[in-house]
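Colleague: sequence and predicted structure, then a few things I'm wondering about:
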Amino acid sequence: MPETQYMSQEKLNELNEELSHRKTTVRKEIGEALEYAKQLGDLSENFEYHDAKDRQADNEKRIAELQAIVLNAQVITKQKGGSSIEIGTTFRAEKDGKEFTFTLVGSNEANPVEGKISNESPIGKAFLGASIDERVIVDTPSGAVQYIVTAIE
């Protein structure tokens with residue numbers, strides 16, 4: 001059974017737009033490049049032809065990836081004020097006296113620099129289901145790290 005892909009409606013819309021663009025515009029551009037390259041003659045040593053074929057293969061691969069993601073997408077809504085951390089929840093946690101703000105998201109939207117952590121990452125798995133004032137232990141390659149959940153927004 002394919003794995004569920006958790007994401008926001010915005011991310012799903014973005015992926016659908018990319019899929020549509022690749023299936024229409026990009027396919028057409030590559031088709032035109034292939035036709036032009038064929039007119040140049042001998043295909044065995046025709047760089048333009050081989051380049052267009054490579055781009056075509058890359059595009060079709062990405063289309064297949066996008067179709068699988070979209071097919072298995074489950075839209076999450078931003079949770080506000082719940083009693084525990086779920087996918088879509090923004091929360092604050094303290095580590096060594098420093099406070100961090102995180103949002104638990106699906107793997108397609110993870111961006112640690114923006115505080116968006118994947119539900120599939122070690123830190124995301126550790127926080128999933130936690131509530132305010134709960135101690136959360138995250139196992140990392142350099143050892144266990146402890147956080148305390150301070151707020152669920």
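Modeller: Ah, there it is.
Colleague: going forward, measure contacts and count neighbours with C-alpha atoms only.
Modeller: Fine.
Colleague: my read is that residue 92 contacts residue 151, right?
Modeller: Yes - Residue 92 is in contact with residue 151 according to Cα atoms under 8 Å; the separation is 5.1 Å.
Colleague: name the helices or strands packed onto the helix or strand where residue 62 lies?
Modeller: Element membership for residue 62, per DSSP states H and E: helix 47-71. In terms of contacts (3 or more Cα pairs under 8 Å, 6 or more residues apart in numbering; DSSP states H and E), helix 47-71 is packed against helix 9-21, helix 27-39.
Colleague: out of those, flag the one nearest residue 74.
Modeller: helix 9-21 (8.9 Å; Cα to Cα).
Colleague: determine the set of other helices and strands touching that closest one.
Modeller: helix 47-71, strand 73-75.
Colleague: returning to what we had before: got TSV for the helices and strands packed on helix 47-71, with mean neighbour count, mean pLDDT and distance to residue 88 too?
Modeller: Output for the helices and strands packed on helix 47-71, formatted as TSV (neighbours: other Cα atoms under 10 Å; pLDDT from 0 to 100; distance: least, Cα to Cα, whole Å):
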stretch	mean neighbour count	mean pLDDT	distance to residue 88
helix 9-21	15	96	11
helix 27-39	15	94	35
